[in-house]
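1. got a sequence here, can you model it:
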Amino acid sequence: MLSHIRETTYLFRDSLRMRSCKTLTQVNRACSTLLTDSSKGGLVLYSQSTDIYENLSLEDWIEANVDLYQRNVLLLWRNTPAVVIGRHQNPWKECNLSLMRRSGICLARRQSGGGTVFHDLGNLNLTFFASKKAYDRQRNLKVITGALNCLRPGLEVEATKRFDIFLKGHYKITGSASRISRKSSYHHCTLLHSSDHSALSPVLHSTCQGLHSNATPSVPSPVTNLVDHEPTLTWKELLDALADQHSAEFGGSAAMNLVNPADDAAFPGLGTKSAELRAWDWIFGKTPKFSVKTRLQMTDDISSAGRSIELCLEVKSGVIESCRLDVPTDWLPHSLTSELRGVLEGERFCPQRTAAAFSMLLRCESGEKQDRLRRLCDAILAIMGAP
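-> Just a heads-up that it's a prediction; the model follows:
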């Protein structure tokens, strides 16, 4: 995966260098344009950051600070590998948290609804900003389909009523979600240029057993990359076409302005917002209430006979509100089961925090009891997404 990311980074960087210097401005000028330019029409921005939390914070910053009654804004951005869930989704149900931790893949929760998506440097994100009154997702998708049909008519791309874009009527290349506030709106889309699909399926496959939730589920679709069908389609062509099509649709210049969300002077308060999006309280704590009901099959080195243990958890705001453990008393004493239940109740549904609490309990035991208790603790941690 890393070699694929490096290659994509170099190709993308080269495409920006090839673009005329007159179309790329420094961050201060771009920010000045955002804040002070009262002219109407479109404005195209490109984020220099590949940090998912900075880019999601940049979306919120633009929505809150730019006069979107005056002009429509298109923000282009990319991220190093990350899984992004919708505002009302359950991360334990949507992705393989254990694999993500081992692979160094970030998890982020966005402000908008919709399903879970995998980002990497081969995926281009587009965010269309407008006033609430001017919110029009089909018009935004027209910018993407128009650009692609001009570049490569043979791709046969078309937007659907679900606000996705499909290639040749079968393969999904763009998914979208949106956020509408009192006065403004934004609509963001993914566009698969050369994403690493070998990583997509494993990380979007949950290993959490027995999870029951009313959170918004994702709806999987067959996906493909643009370069799988048009290998000669370069980043430069794609970016130029999108900027030109946005200008044709909304007016304004097709010039692409570089912005750096890490610049606190240019984007005051964005760093604080980024820190909030990185926090456990937002990523996991905002998960809608859910329950876990499953049976754990336990064995040990002493007895070949297995034991079935029922585990029932109620989780609210990422915290275990109640726990029921039905453990055969000939396998583990009732008193020890009660202690384990007491450790879980009131604790975060989080393998790191829970593992630390379990270790204190394990230190008080030895021999067969400690071995069996450790196996049971490890099974519970695996449900939470432990590596």
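2. what ranges do the helices span in the stretch 101-250 of the chain?
-> With DSSP state H, counting those that start in this stretch as the criterion, the stretch 101-250 of the chain has helices at 137-151, 197-203, 226-229, 235-250.
3. for the spatially most central residue of the chain, name its beta-bridge partners.
-> Using Cα atoms, centre = their mean, the residue of the chain that lies closest to the mean C-alpha position is residue 84, 0.7 Å off. Residue 84 forms beta bridges with residue 108, residue 117, as assigned by DSSP bridges.
4. make sure it is actually in contact with residue 117.
-> Yes. Contact between residue 84 and residue 117 holds when scored by Cβ atoms under 8 Å: they sit 5.3 Å apart. (Each C-beta comes from the backbone N, C-alpha and C, glycine too.)
5. and residue 253, which of the three is it?
-> Each residue gets one of three states, and residue 253 gets strand by DSSP: H, G, I helix; E, B strand; the rest coil.
6. for it, the count of nearby residues, please.
-> By other Cβ atoms under 10 Å, 16 other residues sit near residue 253.
7. distance of it from residue 292?
-> The gap separating residue 253 from residue 292 is 53 Å, by Cβ to Cβ, to the nearest Å.
8. ranked by average pLDDT, which of the helices of the stretch 101-250 of the chain falls at the bottom?
-> For the helices of the stretch 101-250 of the chain, the weakest mean pLDDT is recorded on helix 197-203, namely a mean of 87.
9. who's the residue lying closest to residue 160 once chain neighbours are set aside bridged to?
-> If you skip the residues right next to it in sequence, residue 160 has residue 166 as its closest partner in space, 6.2 Å away by Cβ to Cβ, 6 or more residues apart in numbering. As for beta bridges, residue 166 partners with residue 158, residue 172 under DSSP bridges.
10. per-residue pLDDT, residue 166?
-> Among the per-residue scores, residue 166 shows a pLDDT of 96.
11. ok, it touching residue 155?
-> No. With contacts defined as Cβ under 8 Å, residue 166 does not count as touching residue 155, sitting 10.4 Å away.
12. under the pLDDT cut-off, which ranges of the stretch 251-387 of the chain? List them.
-> Counting by pLDDT under 70, the ranges of the stretch 251-387 of the chain that qualify are 301-305.
13. okay, the residue of the chain most remote from its centre and residue 373: tell me how far apart.
-> The centre of the chain is farthest from one residue, residue 330, which by Cα atoms, centre = their mean lies 44.9 Å away. Counting by Cβ to Cβ, the gap from residue 330 to residue 373 is 15 Å.
14. contacting residues for residue 247?
-> By Cβ atoms under 8 Å, 6 or more residues apart in numbering, residue 247 lies in contact with 41-42, 44, 253-254.
15. any idea how far residue 290 is from residue 249?
-> Relative to residue 290, residue 249 is positioned 42 Å away (Cβ to Cβ).
16. now swap in residue 277 and tell me
-> 21 Å.
17. can I get the contacts of residue 247 in a markdown table with distance to residue 221?
-> A markdown table is the format used below for these (distance: Cβ to Cβ, whole Å):
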| residue | distance to residue 221 |
| --- | --- |
| 41 | 34 |
| 42 | 30 |
| 44 | 28 |
| 253 | 35 |
| 254 | 31 |
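18. closest one of those to residue 357?
-> Here the nearest of these to residue 357, counting by Cβ to Cβ, is residue 44; it sits at 50.1 Å.
19. my guess is that closest one is in a helix, correct?
-> No. Read with three-state DSSP, residue 44 is strand and lies in no helix.
20. shouldn't it be in contact with residue 255?
-> Yes. Proximity of residue 44 to residue 255 meets the contact threshold set by Cβ under 8 Å, at 6.9 Å.
21. follow-up on the earlier one: for residue 65, see how far away the residue nearest to residue 160 is.
-> Counting by Cβ to Cβ, the separation of residue 166 from residue 65 is 35 Å.
22. need the phi and psi values for residue 60.
-> Geometry field for residue 60 lists phi and psi as phi -60, psi -40, criterion degrees, to the nearest 10.
23. neighbours of it, just the number please.
-> Using other Cβ under 10 Å as the criterion, the residues surrounding residue 60 number 20.
24. isn't it right up against residue 127?
-> No. When contacts are counted by Cβ under 8 Å, residue 60 is not listed as touching residue 127 (10.4 Å).
25. out of the helices of the stretch 101-250 of the chain, which is closest to residue 345?
-> Across the helices of the stretch 101-250 of the chain (criterion: Cβ to Cβ), the nearest stretch is helix 197-203, sitting at 30.5 Å.
26. next, the buried residues of the closest one.
-> Across helix 197-203, burial judged by 16 or more other Cβ atoms under 10 Å covers 199-200, 203.
27. quick one: which of these is nearest to residue 162?
-> Proximity of those to residue 162, judged by Cβ to Cβ, is greatest for residue 200, which lies at 19.7 Å.
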